[in-house]
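# The sequence isn't on hand, but the structure is:
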């Protein structure tokens with residue numbers, strides 16, 4: 001599965017940007033146009049060390065050549081270029097990332113860690129640059145641009161057991177018939193076999209599936225579900241709390257990358273099917 005995803009992303013990286021920009025991809029906007037940030041004063045010269053993980057496409061992963069890439073990684077590199085910084089990007093095991101940042105083995109964390117109260121208590125965070133979403137997927141002929149959840153009354157919905165997605169259906173959409181599955185792959189199999197009429201799951205994972213060679217007969221239906229109680233507050237660059245100037249610089253760079261179109265270009269490169 002990961003190998004197929006990496007091949008898809010590699011091919012998309014080589015695709016003409018004009019063709020990508022013409023596709024119907026929703027690019028999320030996390031910036032308020034009424035708020036403008038001043039460029040921060042440059043601090044003393046230093047090398048900024050970004051830490052990430054290499055096994056979570058399309059946000060951060062090892063490409064076919066073994067080099068680190070992904071939406072978070074390339075956004076970090078673009079921020080460094082915008083600020084005139086010299087930067088490195090280092091991969092570490094996902095479960096060691098927070099401790100590595102806290103212990104000074106890096107300066108900025110660029111990984112898909114949803115902000116939570118415990119993380120905010122421990123670290124400073126830049127402005128959000130991504131959010132997790134939940135989506136309904138179905139067969140292409142059954143997909144609709146708008147989805148009234150009341151129309152799901154009695155419908156069979158496959159969902160991975162023990163996840164926030166299952167909890168959301170159980171609490172807020174109790175009128176659907178849940179088909180609980182041990183994995184997303186099993187949930188999609190239930191959809192393809194007709195045992196389920198919809199899959200409800202992680203938007204990023206489903207977007208990768210739909211972008212792959214085997215996803216052509218499936219499509220998203222309706223829009224994203226973004227309730228932070230279930231699906232997370234969002235993803236930001238994390239910094240130690242004593243690095244306030246670094247946070248200000250990253251906030252300025254992220255807004256600038258949105259303003260000049262770099263954010264959208266990177267998003268289209270890594271999300272040919274948007275999770276939003």
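Alright, I've got the coordinates. In this text, all values refer to a predicted model and were calculated from it rather than measured experimentally.
# Looks like residue 86 contacts residue 48 (just checking).
Yes: look at residue 86 against residue 48 with Cβ atoms under 8 Å: they come within range, at 7.2 Å. Backbone N, C-alpha and C define where each C-beta goes, glycine included.
# more crowded one of those two?
residue 48 (20 against 9; other Cβ atoms under 10 Å).
# so where does the more buried one fall, helix or strand?
strand 47-52 (DSSP states H and E).
# chain center to the lengthiest helix in the chain: distance?
Ranked by residue count under DSSP state H, the longest helix found in the chain is helix 244-259. How far helix 244-259 lies from its chain's middle: 19 Å, per Cα atoms, centre = their mean, to the nearest Å.
# So which residues of the stretch 151-276 of the chain form strands?
Secondary structure of the stretch 151-276 of the chain by DSSP state E, counting those that start in this stretch: the strands cover 156-160, 177-181, 198-202, 218-225, 238-239.
# Now tabulate these in CSV and tack on distance to residue 144 and mean pLDDT.
Listed next are the strands of the stretch 151-276 of the chain as CSV, based on distance: least, Cβ to Cβ, whole Å; pLDDT from 0 to 100:
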stretch, distance to residue 144, mean pLDDT
strand 156-160, 15, 98
strand 177-181, 19, 97
strand 198-202, 11, 97
strand 218-225, 5, 95
strand 238-239, 38, 98
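# and stretch 162-177, which residues are buried?
Across stretch 162-177, burial judged by 16 or more other Cβ atoms under 10 Å covers 163, 164, 165, 166, 168, 169, 173, 176.
# what comes into contact with that stretch?
For stretch 162-177, contacts defined as Cβ atoms under 8 Å, 6 or more residues apart in numbering pick out 134, 149, 152-157, 159-160, 178, 180, 200-202, 225, 227, 230-231.
# hang on, the earlier thing: of all the strands of the stretch 151-276 of the chain, which lies closest to residue 63?
strand 198-202 (22.2 Å; Cβ to Cβ).
# Run the angle between that closest one and strand 177-181 for me.
60 degrees (axes from the mean of the first three to the mean of the last three Cα atoms, to 10 degrees).
# Can you list the strands that strand 198-202 pairs with?
Strand 198-202 has the following strand partners under DSSP bridges: strand 134-139 (antiparallel), strand 156-160 (parallel).
# which stretch among those strands comes nearest residue 243?
Nearest to residue 243, of the strands paired with strand 198-202 and by Cβ to Cβ, is strand 134-139 at 32.7 Å.
# Surely residue 123 touches residue 242?
No: look at residue 123 against residue 242 with Cβ under 8 Å: they stay out of range, at 10.4 Å.
# Out of the contacts of stretch 162-177, which end up buried?
Counted by 16+ other Cβ under 10 Å, the contacts of stretch 162-177 give 134, 152, 155-157, 159-160, 178, 180, 200-202, 225, 230-231 as buried.
# hmm, back to that, what's the mean pLDDT across the longest helix of the chain?
For helix 244-259, the mean pLDDT works out to 96.
# go on, stretch 84-101?
97.
# which outside residues touch stretch 103-113?
Outside stretch 103-113, the residues touching it (Cβ under 8 Å, 6+ apart) are 48-53, 56, 59-60, 72-73, 75-76, 89-90, 92, 94, 97-98, 100-101, 119, 123, 130, 235, 237-240, 243, 246, 250.
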